[in-house]
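Asker: give me the fold of what follows.
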Amino acid sequence: MKSLYDIPAPAKLNLFLHIVGRRQDGYHLLESVFMLINWCDTLNFDVRTDGRISREDLGDPLPENDLVLRAARALQQFSGTRLGVHIAIDKRIPSQAGMGGGSSDAASTLLALNRLWNLKLGLDTLLPLGLKLGADVPFFLGGHNAWVSGIGEEMTPVVVPEAQFMVVKPPQGVATERIFSHPELKKDTNHATISGFAANAYGFGRNDLQAVAQQICPGISQALVWLSSLGLDGRMTGSGSAVFARTLCEVDAQAMPGYQIKQCGNLPVHPLFGWVG
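Answerer: Numbering: from 1, shown residues only. This is a model prediction of the structure:
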């Protein structure tokens with residue numbers, strides 16, 4: 001096996017996001033449900049025998065030392081393989097959107113290179129590697145829609161009903177650090193339960209980061225107002241700035257100039273589920 005092409009890296013939506021406390025080391029404790037959607041980046045991998053790791057951007061340009069390269073280097077160093085890889089990535093998931101695009105790219109890179117380099121590492125080995133890259137990476141490696149708690153490392157698979165969603169990304173992004181360091185961020189929401197979520201999956205809870213994010217990024221409020229004008233109940237995903245609403249209707253993707261609008265379906269499992277034991 002010398003190449004792997006058209007490897008998907010799907011985005012996620014946070015159906016809700018509660019901040020329930022803060023650890024002594026400063027990390028916030030959260031509860032959320034992460035749901036996979038079919039808005040994907042696509043990656044191509046070609047083995048290099050010289051040991052070098054290189055990247056080519058087919059879509060939106062990425063930072064020089066992005067999570068894809070960091071994931072490949074981490075796996076190469078951990079495994080001791082002498083092989084390298086050239087990675088071409090077609091970046092479609094918006095950045096600073098709260099949709100986990102970079103983390104998903106990293107997870108798909110780990111899964112693909114585990115195969116391409118014939119490393120035969122198990123999920124129990126890849127999960128700690130992923131967590132060092134970012135808190136959301138283990139979710140994409142796990143492959144299930146999940147109830148997520150702790151600082152993002154505790155995951156329980158959940159089933160969510162099949163549905164369609166309108167996802168709207170304003171022109172501006174939001175830096176996660178600005179939201180979590182904001183003095184008005186609510187950090188004491190009561191603990192929720194999986195059974196409570198299951199009884200009302202698409203109307204449960206709220207996003208505790210949304211009010212602060214709207215102060216930082218006016219485009220979030222504008223996107224929510226637009227969804228409301230269509231009779232849709234929107235909320236922000238993750239730390240923003242993308243918002244989403246459940247819908248049965250298709251909407252003109254050019255309705256808000258400068259905004260990215262896409263109708264997405266959720267996924268029962270990750271497209272690469274089962275690639276590793």
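Asker: buried stuff in stretch 200-216?
Answerer: Using 16 or more other C-beta atoms under 10 Å as the test for burial, stretch 200-216 gives A201, G205, N207, D208, L209, Q210, A211, V212, A213, Q214, I216. Glycine gets a C-beta too; all of them are placed from N, C-alpha and C.
Asker: residues contacting the first one?
Answerer: Meaning A201. With contact set as C-beta atoms under 8 Å, 6 or more residues apart in numbering, A201 has these partners: L15, V33, V160, P161.
Asker: out of the residues you listed, which sit inside strands?
Answerer: Taking DSSP state E, the ones among the contacts of A201 that sit in strands are L15, V33.
Asker: by neighbours, which of the contacts of A201 wins?
Answerer: For the contacts of A201, the largest neighbour count, defined by other C-beta atoms under 10 Å, is 26 neighbours, found at L15.
Asker: now the contacts of A201 as a markdown table including distance to P63 and pLDDT?
Answerer: Below are those laid out as a markdown table (distance: C-beta to C-beta, whole Å; pLDDT from 0 to 100):
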| residue | distance to P63 | pLDDT |
| --- | --- | --- |
| L15 | 29 | 98 |
| V33 | 29 | 98 |
| V160 | 32 | 96 |
| P161 | 36 | 96 |
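Asker: okay, the contacts of A201 in a markdown table with distance to G240 next?
Answerer: What follows is the contacts of A201, written out as a markdown table (distance: C-beta to C-beta, whole Å):
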| residue | distance to G240 |
| --- | --- |
| L15 | 15 |
| V33 | 17 |
| V160 | 21 |
| P161 | 24 |
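Asker: the contacts of A201: which two are farthest apart?
Answerer: V33 and P161 (12.1 Å; C-beta to C-beta).
Asker: contacts for stretch 173-184, please.
Answerer: Here stretch 173-184 has contacts from 28, 94-98, 185, 209, 211-213, 215-217, 220, 239-241, using C-beta under 8 Å, 6+ apart.
Asker: tell me who's in contact with the most centrally placed residue in the chain.
Answerer: Nearest to the mean C-alpha position of the chain, by C-alpha atoms, centre = their mean, lies G100 at 2.0 Å. If a contact means C-beta under 8 Å, 6+ apart, then G100 has A11, K12, F34, I93, D136, F139, F140, G238 as its contacts.
Asker: what does L30 give?
Answerer: L30 touches L17, H18, I19, V20, V148, S149, G150, I151, G152, counting by C-beta under 8 Å, 6+ apart.
Asker: show me where the stretch 151-277 of the chain has its strands.
Answerer: 154-157, 164-169, 235-236, 243-246, 260-265 (DSSP state E, counting those that start in this stretch).
Asker: mind putting those strands into TSV with mean neighbour count, mean pLDDT and distance to L113?
Answerer: Output for those, formatted as TSV (neighbours: other C-beta atoms under 10 Å; pLDDT from 0 to 100; distance: least, C-beta to C-beta, whole Å):
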stretch	mean neighbour count	mean pLDDT	distance to L113
strand 154-157	14	95	22
strand 164-169	24	97	29
strand 235-236	24	98	33
strand 243-246	24	97	31
strand 260-265	17	96	27
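Asker: with distance to V168, secondary structure and pLDDT added, can I get the contacts of L30 in a markdown table?
Answerer: Formatted as a markdown table, the contacts of L30 follow (distance: C-beta to C-beta, whole Å; DSSP: H, G, I helix; E, B strand; the rest coil; pLDDT from 0 to 100):
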| residue | distance to V168 | secondary structure | pLDDT |
| --- | --- | --- | --- |
| L17 | 17 | strand | 97 |
| H18 | 22 | strand | 97 |
| I19 | 23 | strand | 96 |
| V20 | 28 | strand | 96 |
| V148 | 23 | strand | 95 |
| S149 | 28 | strand | 94 |
| G150 | 29 | strand | 91 |
| I151 | 28 | coil | 84 |
| G152 | 24 | coil | 83 |
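Asker: please consider this matter closed, and thank you.
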